[in-house]
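1. Could you work out the structure for the sequence below:
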Amino acid sequence: MDTRDKPYVMGLDLGGTNSVFGIVDAAGSIVAETSVKTCGHGPEPETYVRDCVEALRPIIDQVGGVAQIRGLGIGAPNGNYYSGCIEYAPNLPWGKERIPLARMFSEALGIPVAMTNDANAAAMGEMAYGAAKGMKNFIMITLGTGVGSGIVCDGKLVYGSDGLAGELGHVIVEPRNGRLCGCGRKGCLEAYCSATGVARTAKEILSTTDTPTLLRETPLDEIESKHVSLAAARGDEVARSIMEFTGRMLGLACANFVCFNSPEAIIFFGGLTKAGDLLMKPVRQSFEEHILRCYEGKTRLLVSRLDDAKAAVLGASALAWDFVPSVCLSPSQTLPQGRA
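-> Residues are numbered from 1 along each chain as shown. As a prediction, this is how the structure comes out:
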C-alpha cells in the first residue's frame, strides 16, 4: 500500500505533564486515543519512547495495525520542524539536551515522523478546526506549564532559518531583577504568565506578606495556578490581584507582538484560559492601553473554544498528511545538509 493511500495518521501532543496520542482519520476525527505521563520514565528519552510505543499498541491494533497509519506528527516544546529534534526544552525531564525524538519514534514504529513546536501544532489545529479557521495571519499563545506561541503569516507557520522561530514566551519582559526562567535567562514572559508563573507570583506574595487570603488554606509548596483561579472566582482580593498582574503583563506583551505581523487575532489556548474574564479582562485592558495607534481596533483577542488536548493532537497529526522531505524521518532517510 502506498503511504498516501493509508487511511490514518497519528498525532502526539507532548506536554510537560502528559503525552496525549490520537489516531486521526481524513475527516479530522480522532478515532482512538491514549495518554502517557511525560515524567517517570527515567533519565533517558529511549525509555520514554519505548513506554509510549507499548501504550500505543492497543489503539494501533484497533485500526488494523501500523500498516494503516501514514505517519506520526509530534507537537513538542522546542520541537524543531527542520531537524526533528527537541532543542533544549527546559520543561521536559530530558529536554536540557538535543533529542532526535522524531527519528527515535520513527525507528520504534516503522513509520515516518515529523515534529513541530507544541504551540505551532495548536495553531494548526486552531486554523483547521477552531477560531482561526479562514484566517491567514494570527498568533497563537499557549498558556500552560510554559508560554508557547505559533505565528501564522499569509497562511503559513513561521519557522525561521533554523526551525525555532516564534518563541514569544522567552521575550524578556522584566529586564531588571527578573525571575530566573527555566531557559536559564531572567525576566522571560514565561516566568510570569504561565501556570507556573502564576503559582510563583502567589508564593512570593504569601511568603513576603501576612495579608489574609484563601490561598493560605493550601500549603505554600503545593500552590498551583488553579488555586489562584478558584480563590479569585470566590472574590479573594489577593488572588484577584495576582490574576490582574498576570493579565496586564500578558496584554502588554501582546501589544508588542502585534508590531511583528499585524495579526487578525491573537488566540489564547491552554489551562490558564479557564480563568475566563479574571485573566482576559486585564489582558484586554492592558493590550488596548499599550497598542500602537496604527494597529488600534485591528486585532481581536480570542480564547480558543477547542478542547486543549484534542486541538493539539489534531494539529500535530496534520503534519503527517503532507510530509516535507526535510522532516520525513523514516529509518532509511537522513537529515538534509545543515539541518543535523
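2. Which residues are in contact with the closest residue to residue 314 other than its chain neighbours?
-> What sits nearest to residue 314 in space, not counting adjacent residues and going by C-beta to C-beta, 6 or more residues apart in numbering, is residue 125, at 4.4 Å. Placement of C-beta: from N, CA and C, glycine included. Residue 125 sits next to 306, 310, 311, 312, 313, 314, 315, 316, 318 when contact means C-beta atoms under 8 Å, 6 or more residues apart in numbering.
3. and the last one, what pLDDT?
-> When you say that, I think you mean residue 318. pLDDT for residue 318: 86.
4. wait, residue 154 sits on residue 135?
-> No: when contacts are counted by C-beta atoms under 8 Å, residue 154 is not listed as touching residue 135 (10.7 Å).
5. circling back to that earlier point, which helix or strand contains the residue nearest to residue 314?
-> helix 118-129 (DSSP states H and E).
6. which one of residue 154 and residue 135 has more residues nearby?
-> A count of neighbours by other C-beta atoms under 10 Å puts residue 135 above the other of residue 154 and residue 135, at 17 against 8.
7. Let me know the distance separating that one from residue 260.
-> 16 Å (C-beta to C-beta, to the nearest Å).
8. starting at the chain centroid, how far to stretch 132-143?
-> 13 Å (C-alpha atoms, centre = their mean, to the nearest Å).
9. and the contacts of residue 125 as JSON lines, adding secondary structure, neighbour count and distance to residue 8?
-> Formatted as JSON lines, the contacts of residue 125 follow (DSSP: H, G, I helix; E, B strand; the rest coil; neighbours: other C-beta atoms under 10 Å; distance: C-beta to C-beta, whole Å):
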{"residue": "306", "secondary structure": "coil", "neighbour count": "20", "distance to residue 8": "21"}
{"residue": "310", "secondary structure": "helix", "neighbour count": "18", "distance to residue 8": "16"}
{"residue": "311", "secondary structure": "helix", "neighbour count": "27", "distance to residue 8": "18"}
{"residue": "312", "secondary structure": "helix", "neighbour count": "32", "distance to residue 8": "18"}
{"residue": "313", "secondary structure": "helix", "neighbour count": "28", "distance to residue 8": "13"}
{"residue": "314", "secondary structure": "helix", "neighbour count": "29", "distance to residue 8": "13"}
{"residue": "315", "secondary structure": "helix", "neighbour count": "30", "distance to residue 8": "16"}
{"residue": "316", "secondary structure": "helix", "neighbour count": "34", "distance to residue 8": "14"}
{"residue": "318", "secondary structure": "helix", "neighbour count": "23", "distance to residue 8": "13"}
